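In: I would like to see how this sequence folds:
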Amino acid sequence: MEEVGSSIVKFQTNHNKISVFSAGFINYFFAVLVFLALIFLRKSFVFSFLSLPTFIIRAFLEIVQAQVTLYALKKADRSTFVFVRNLTIPLILITDFVLGYVVTSFQLAGVGLVIAIIIAVFVFRVASFKGAGYVFFTAVNAVATISLFKYNVNHFNSVEGEQIILYLILLCYFFFAARFFAKENPFLFLKQKIFLGQGFSNAIASMLQTFAISFGNPAIAVTAERAAAVLAGIFSGRSFFKESKFFFKILAGVGLVAGLILLIG
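Out: Next up, the predicted model:
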């Protein structure tokens, strides 16, 4: 579902139908609604003031992450985005090891394969360098944001408590950014069905990934999400954005998925 929302953001921002700030507002508006519903149904809001030191750091990094991700979605090819983003996983495995998770020989082989394929798609010009710097930043920064999230929900907060506060902060940030930088009223875009679809698909994808990370191994949770996104991103790049070298991207994508599967082993 994330691919649907990401493709809508890329198409609409590239055609100047909406700014990245209003697009971000829509994403987090729906995320807030989803988590408010979860809090009401599960009655599981827990937020400890003891988490503030790590939460404040995470909130700052998440604002940067959200903003740069939207620039990456706008500027990078869909295939470039899904390839480079997978650098997060080898880095998470190193973090997992430091935090006490077991890293197997299969996972090490997967790390090598993933890194080799990502390097190869750029060396052989299968993927474009355009916007790759933005994606690279989000891949590295995600290691810190995921680790801080995992730490907070393990020691202080419920998933719903942690995320609803963060999403409200991000919602406010993108609202004021849209108003002051893009001179847009982001609420007006909620009248259009295309943006309702964007917000809903991103909110559901965010919720599923959040709970997968919080209740399991972070590397495995992110691996499963990224593996599904790789081929979806390649196909959407070809179908909607007319990206070239489709056959070679599919080969690289299959190899990347194989590496991601090894990471789960």
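
In: quick one: low-confidence ranges for the stretch 101-250 of the chain?
Out: 208-223 (pLDDT under 70).

In: for the protein, what spans make up the helices?
Out: Here the chain has its helices, by DSSP state H, at 2-14, 20-42, 52-75, 78-84, 88-99, 105-123, 132-155, 159-180, 193-215, 218-241, 246-264.

In: so of those, which one's packed in deepest?
Out: helix 78-84 (a mean of 27; mean count of other CB atoms under 10 Å). In this view, the C-beta of every residue, glycine as well, is placed from N, C-alpha and C.

In: Quick check: which helices or strands does that one pack against?
Out: Helix 78-84 makes packing contacts with helix 2-14, helix 105-123, helix 132-155, helix 218-241, helix 246-264 when contacts are defined by 3 or more CB pairs under 8 Å, 6 or more residues apart in numbering; DSSP states H and E.

In: One more pass at 6 Å, please.
Out: helix 132-155, helix 218-241 (3 or more CB pairs under 6 Å, 6 or more residues apart in numbering; DSSP states H and E).

In: To what extent is the nearest residue to Phe122 once chain neighbours are set aside buried, counted in neighbours?
Out: Leaving out its chain neighbours, the residue that sits closest to Phe122 by CB to CB, 6 or more residues apart in numbering is Phe129, at 6.7 Å. Phe129: 12 surrounding residues under other CB atoms under 10 Å.

In: Just put the helices of the chain in CSV and tack on distance to Phe187.
Out: Shown next, in CSV, are the helices of the chain (distance: least, CB to CB, whole Å):
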stretch, distance to Phe187
helix 2-14, 16
helix 20-42, 8
helix 52-75, 18
helix 78-84, 28
helix 88-99, 33
helix 105-123, 39
helix 132-155, 27
helix 159-180, 9
helix 193-215, 11
helix 218-241, 27
helix 246-264, 38
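
In: thinking again about what came up before, can I get the helices and strands packed on helix 78-84 in TSV including distance to Gly259?
Out: Below are the helices and strands packed on helix 78-84 laid out as TSV (distance: least, CB to CB, whole Å):
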stretch	distance to Gly259
helix 132-155	15
helix 218-241	9
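
In: Ala182 is nearest to which of those?
Out: Closest to Ala182 of the helices and strands packed on helix 78-84, according to CB to CB: helix 132-155, at 18.3 Å.

In: and the closest one, C-alpha only, in CSV?
Out: Provided in CSV are the C-alpha atoms of helix 132-155 (Å, rounded to 0.1, in the frame of the first residue of the first chain):
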residue,chain,number,x,y,z
ALA,A,132,20.0,9.2,-5.0
GLY,A,133,21.6,11.5,-2.4
TYR,A,134,18.3,12.2,-0.7
VAL,A,135,17.4,8.5,-0.6
PHE,A,136,20.9,7.6,0.8
PHE,A,137,20.4,10.0,3.6
THR,A,138,17.0,8.5,4.5
ALA,A,139,18.5,5.0,4.4
VAL,A,140,21.1,6.0,7.0
ASN,A,141,18.9,8.2,9.1
ALA,A,142,16.3,5.4,9.4
VAL,A,143,18.7,3.3,11.4
ALA,A,144,18.7,6.0,14.2
THR,A,145,14.9,6.6,14.0
ILE,A,146,14.0,2.9,14.1
SER,A,147,16.5,2.2,16.9
LEU,A,148,15.1,5.1,19.0
PHE,A,149,11.6,4.0,18.4
LYS,A,150,12.4,0.4,19.4
TYR,A,151,14.1,1.7,22.6
ASN,A,152,11.2,3.9,23.6
VAL,A,153,8.5,1.3,23.2
ASN,A,154,10.6,-1.3,25.0
HIS,A,155,11.3,0.9,28.0
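
In: now the angle from that helix to helix 52-75?
Out: 150 degrees (axes from the mean of the first three to the mean of the last three CA atoms, to 10 degrees).

In: Centre of the chain to helix 132-155, how far?
Out: 9 Å (CA atoms, centre = their mean, to the nearest Å).

In: Can you spell out which helices and strands pack onto that helix?
Out: helix 52-75, helix 78-84, helix 88-99, helix 159-180.

In: Select, out of those, the one closest to Lys43.
Out: When the helices and strands packed on helix 132-155 are ranked by proximity to Lys43 (CB to CB), helix 159-180 comes first, at 9.4 Å.
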